[in-house]
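Asks: everything below, folded, please.
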Amino acid sequence: MRKIFIFKVSSSNKIGSGHIYRSIKIAKKLSTKKSLFITNNFKGNFNSLLKRYKVKILKNSEKKFNIKKDLNETIQEVKKYHIKKILIIDNYLNNLNWQKSISKYVDKIVIINDYLSKNFCDLYINENFFLNKKINNIFFKKKCKKLIGLKYCLISNRKLKKIKPIKPNIFLFFGGSDEKNLTIKILKKLRYNKNCYFHIVVNNIVLINKIKKLNLINIKIYPQKNNFYTILRKCNYALISGGSTIWDIIYNQIPLIAIPTAKNQITNLNNLKKKKIIFLYKKKIDKNFVKYFNIFVSDSIRPSNLIDGLGLKRVVKEINII
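Replies: From the prediction side, this is the model:
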């Protein structure tokens, strides 16, 4: 049967780029190349990453998001297709009622989510690490198939051919926009540590200019569009947020400090810390951070390899047969 995969995604300075990146990973591997991305023109979006796909931009505002308008526009778009429609939702804007309403116009719904929120879908994907696997009362479709845990991490099965640096080379990434300015705060505290070299991934022009004004010689700045793995293979440590980038870092057993930048990251990061897979820092970036960083670098323990790299393959297989 002919079918189309319709991705409902969002990105912006506030939301970040993770939803689009992992949706693209899935789209590349699907059984048919007929995919549509439905998204918005929010400030600081990453829609430029979708050049190879058909894209529908909805007319909505991030600050004054109108969910009814979003639903109606989405319905009008999916109704244009008279083949089997698989809707893949990777955003936090479309709640349970929205999902129930759109289900009348598509054949199947797949939800990719980092929250354990109420849903109405046929396939649910959550790649986070849960110590307690009993998750109840959020699935409103009785036959919903659940893919939960590190077995379903949406990363490329790609072990890095590492360049082994003599000194600490730090991968520094807090999202393309880094709204909390963690990059500049960390660099200011560690600027006198001449033993470290920082590989910084950021798109925010204002932030880039602030970094350049520090006149540091032990840094290199990369735009987010650069090949992530090319940068990462040069690094033997990482300072990152708790977003989806964390799985590639752990998979390649790079010691890391994670600093949460969103509420949905807290449970996952706490669980990873309990298993001594990551260092976790949730306090203000001050002199205490410098002490914490020095302890981190002196501790050469690599994170346990709990991820086999086959999660993307498993997820795509389930989406293809849904």
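Asks: pLDDT weak spots in this protein?
Replies: Along the chain, segments meeting pLDDT under 70 span 133-134, 300.
Asks: and the strands in it?
Replies: Ranges of strands in the chain, per DSSP state E, are 3-9, 35-40, 54-58, 84-90, 108-112, 123-126, 145-148, 169-173, 197-201, 219-222, 237-240, 256-258, 279-280.
Asks: got these as a markdown table, with distance to I24 and mean neighbour count columns?
Replies: Quick note: C-beta positions are derived from backbone N, CA and C, even for glycine. Formatted as a markdown table, the strands of the chain follow (distance: least, Cβ to Cβ, whole Å; neighbours: other Cβ atoms under 10 Å):
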| stretch | distance to I24 | mean neighbour count |
| --- | --- | --- |
| strand 3-9 | 9 | 24 |
| strand 35-40 | 9 | 22 |
| strand 54-58 | 12 | 15 |
| strand 84-90 | 10 | 22 |
| strand 108-112 | 12 | 23 |
| strand 123-126 | 15 | 22 |
| strand 145-148 | 19 | 16 |
| strand 169-173 | 18 | 24 |
| strand 197-201 | 17 | 22 |
| strand 219-222 | 19 | 16 |
| strand 237-240 | 20 | 24 |
| strand 256-258 | 23 | 23 |
| strand 279-280 | 28 | 20 |
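Asks: redo the ones you listed as JSON lines? Include distance to I250.
Replies: Putting the strands of the chain into JSON lines (distance: least, Cβ to Cβ, whole Å) gives the following:
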{"stretch": "strand 3-9", "distance to I250": "24"}
{"stretch": "strand 35-40", "distance to I250": "28"}
{"stretch": "strand 54-58", "distance to I250": "32"}
{"stretch": "strand 84-90", "distance to I250": "21"}
{"stretch": "strand 108-112", "distance to I250": "19"}
{"stretch": "strand 123-126", "distance to I250": "16"}
{"stretch": "strand 145-148", "distance to I250": "17"}
{"stretch": "strand 169-173", "distance to I250": "13"}
{"stretch": "strand 197-201", "distance to I250": "17"}
{"stretch": "strand 219-222", "distance to I250": "21"}
{"stretch": "strand 237-240", "distance to I250": "10"}
{"stretch": "strand 256-258", "distance to I250": "7"}
{"stretch": "strand 279-280", "distance to I250": "12"}
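Asks: nearest residue to I240 other than its sequence neighbours?
Replies: F173 (5.0 Å; Cβ to Cβ, 6 or more residues apart in numbering).
Asks: right, and that neighbour touches C235 too?
Replies: No: applying Cβ atoms under 8 Å as the test, F173 and C235 come out as separate, 10.2 Å apart.
Asks: any common contacting residues for these two?
Replies: Residues touching both F173 and C235 (Cβ atoms under 8 Å, 6 or more residues apart in numbering): none.
Asks: look up how far Y105 lies from the residue nearest to I240.
Replies: Here F173 is placed at a distance of 38 Å from Y105 (Cβ to Cβ, to the nearest Å).
Asks: same deal with L214?
Replies: 52 Å.
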